[in-house]
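[1] with the input below, show me the fold.
(one chain, ligands or ions: 1)
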Amino acid sequence: MFIWNTLNLKCGQLGVESMEFKRSFSKNIFLNDESATWDRFGSYSTAVEASKIREKIKMPRVSGLLGSLFVALTVGIMGIAAAPQTAQSANRTIKPTLADGVVRHYYIAAEEVIWDYAPKKREMMMTGRAFNEDQMVFVGNSDKTIGRKYKKALYIEYQGPAFRKRKHRPSDATRGFMGPTLHAEVGDTIVVHFKNKASRPYSMHPHGVFYNKASEGAMTLDGGSKADKAGNAIAPGKTYTYIWGVPERAGPGPNDPSSVAWIYHSHVNAVKDVYAGLVGGMVVTRQGMAKKDGTPFDVDKEFVTLYLVSDENKSWYLNDNIRRFTKLDEAPADDDEFGESNLMHGINGYVYGNLPTPVMYKDDRVRFYMVGMGT
Ligand SMILES: [Cu+2]
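    Sure, this is the predicted structure:
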């Protein structure tokens, strides 16, 4: 039994669906040798969480007209507060979107890495065997084809403002080339401290949540002051603070489960940036339904999955990849086969079943957030 919900989002290129497996459905499936990895990451302690949940439910809920007033007020305050864009000054002035919300800080860098679409080097959907001829079109490296590895730019999460130590989360095992999943409860404010460690300008632009112009993270031609445009494109080496409110409309609707998914992505050139790899998920939990970390308390494990044909022909790094991995100097003109070889049909950046198996246990309550972009 599933619960489905579908949202059609404003960028037009994207649909998000979230699917909840009921307890009985997850019985003994997907148990395999990767379970050990998950154990090492730890699992949720249900007893502790249950007492927190009870406390949470007793909390009065700000809603309706009062809630809207709070949003309007806070939005007004944020509009003024968001102008100074250093991390330090922003930390002092940022308020949660609703009075009982919290401010959640994330430290995220854009970094150039070599990504492997098929690290298991085998077809893992059916046979576990070496790639056949048809599959080698996409994953085979030759003088004229790039193969399974590409230079990409990805969002990488760090522990703090020094951007020195990376942050690791249980969801890392399956999120592949997606950026870290941002979590928030309705009423919170998300603060992203973004550092561009890549070689060209990038940004972070969210769907679903509230932002003023300075935190939109998109190249737009709608006027606006210099301060309004400061977050549009962050130059290499620079840092920027994006402030995103999480009003009620960003959360689940009345018939949704306790959380819904959105995405964020770089939007200097949305198409080229996303195909370069700069995209991540964001989960908003209904007010009163979140654990301390923002994840929904009625779910034990979440998997964010992005179904995307990564068109490496449209990535900023196509020429880099050609020079690095082939004997060509540039993309051959009118060569359909070359173009085809760079269309990577993947889930979270893994092709042919190379996505690490999502592991769940009997009685786990599991939620999949299924995100589709591109074609
Ligand atoms: Cu978008």
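[2] the stretch 101-250 of the chain: strands as residue ranges?
    Secondary structure of the stretch 101-250 of the chain (DSSP state E, counting those that start in this stretch): strands at 103-116, 149-158, 179-185, 189-196, 205-206, 239-245.
[3] compare those strands and report which one is nearest to N342.
    Judged by Cβ to Cβ, the one of the strands of the stretch 101-250 of the chain that comes nearest to N342 is strand 149-158, at 8.1 Å. (Each C-beta comes from the backbone N, C-alpha and C, glycine too.)
[4] redo the strands of the stretch 101-250 of the chain as CSV? Include distance to D329.
    Below are the strands of the stretch 101-250 of the chain laid out as CSV (distance: least, Cβ to Cβ, whole Å):
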stretch, distance to D329
strand 103-116, 20
strand 149-158, 16
strand 179-185, 32
strand 189-196, 28
strand 205-206, 34
strand 239-245, 36
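[5] out of the ones you listed, which gets nearest to M344?
    Closest approach to M344 among the strands of the stretch 101-250 of the chain (Cβ to Cβ): strand 149-158, 7.7 Å.
[6] now for that closest one, which elements pack on it?
    strand 103-116, strand 179-185, helix 270-276, helix 318-325 (3 or more Cβ pairs under 8 Å, 6 or more residues apart in numbering; DSSP states H and E).
[7] and the angle from it to strand 189-196?
    130 degrees (axes from the mean of the first three to the mean of the last three Cα atoms, to 10 degrees).
[8] average pLDDT across strand 149-158?
    In this model, strand 149-158 has an average pLDDT of 98.
[9] list the buried ones in that strand?
    149-158 (16 or more other Cβ atoms under 10 Å).
[10] quick one: which of these is nearest E340?
    Closest approach to E340 among those (Cβ to Cβ): Y150, at 14.9 Å.
[11] right, and the closest one touches W115 too?
    Yes. Under the criterion of Cβ atoms under 8 Å, Y150 makes contact with W115 at 5.6 Å.
[12] which stretches of the protein aren't confidently modelled?
    Scanning the chain for pLDDT under 70 picks out 1-92.
[13] which of the strands of the stretch 101-250 of the chain sits closest to V284?
    Nearest to V284 among the strands of the stretch 101-250 of the chain is strand 179-185; the distance by Cβ to Cβ comes to 5.5 Å.
[14] other SSEs contacting the closest one?
    Applying 3+ Cβ pairs under 8 Å, 6+ apart, we find strand 179-185 packed against strand 103-116, strand 149-158, strand 189-196, strand 279-285.
[15] repeat that for 10 Å
    Strand 179-185 sits against strand 103-116, strand 149-158, helix 172-175, strand 189-196, strand 239-245, strand 259-265, strand 279-285, strand 301-311, with contacts defined as 3 or more Cβ pairs under 10 Å, 6 or more residues apart in numbering; DSSP states H and E.
[16] in TSV: these, plus distance to P206.
    TSV is the format used below for these (distance: least, Cβ to Cβ, whole Å):
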stretch	distance to P206
strand 103-116	11
strand 149-158	12
helix 172-175	17
strand 189-196	8
strand 239-245	5
strand 259-265	4
strand 279-285	6
strand 301-311	14
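[17] spatially central residue in this protein, please.
    In the chain, the centroid-proximal residue (Cα atoms, centre = their mean) is G280; its distance is 1.8 Å.
[18] looking at the helices and strands packed on strand 149-158, which is buried most?
    strand 179-185 (a mean of 26; mean count of other Cβ atoms under 10 Å).
[19] tell me the strands beside that one, with direction?
    If you go by DSSP bridges, strand 179-185 pairs up with strand 279-285 (parallel).
[20] what angle do the partner strand and strand 259-265 make?
    Going by the same axes, to 10 degrees, strand 279-285 makes 150 degrees with strand 259-265.
[21] dump the C-alpha coordinates for strand 279-285 into CSV.
    Backbone C-alpha positions of strand 279-285 (Å, rounded to 0.1, in the frame of the first residue of the first chain) are rendered in CSV as follows:
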residue,chain,number,x,y,z
VAL,A,279,21.2,19.9,-7.7
GLY,A,280,20.0,18.7,-4.3
GLY,A,281,16.8,17.8,-2.4
MET,A,282,15.0,19.6,0.3
VAL,A,283,12.4,18.0,2.6
VAL,A,284,9.8,20.1,4.4
THR,A,285,8.0,18.5,7.3
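[22] doesn't N342 make contact with P332?
    No. Using Cβ atoms under 10 Å, P332 is not in contact with N342; the gap is 11.6 Å.
[23] more neighbours, these two?
    N342 (22 against 14; other Cβ atoms under 10 Å).
[24] enumerate every residue touching R323.
    Going by Cβ atoms under 10 Å, 6 or more residues apart in numbering, R323 touches 151, 329-330.
[25] which among those residues gets closest to R169?
    K151 (24.7 Å).
[26] follow-up on the earlier one: now the helices and strands packed on strand 149-158 as a markdown table including distance to P170?
    Converted to a markdown table, these look like this (distance: least, Cβ to Cβ, whole Å):
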| stretch | distance to P170 |
| --- | --- |
| strand 103-116 | 16 |
| strand 179-185 | 10 |
| helix 270-276 | 25 |
| helix 318-325 | 31 |
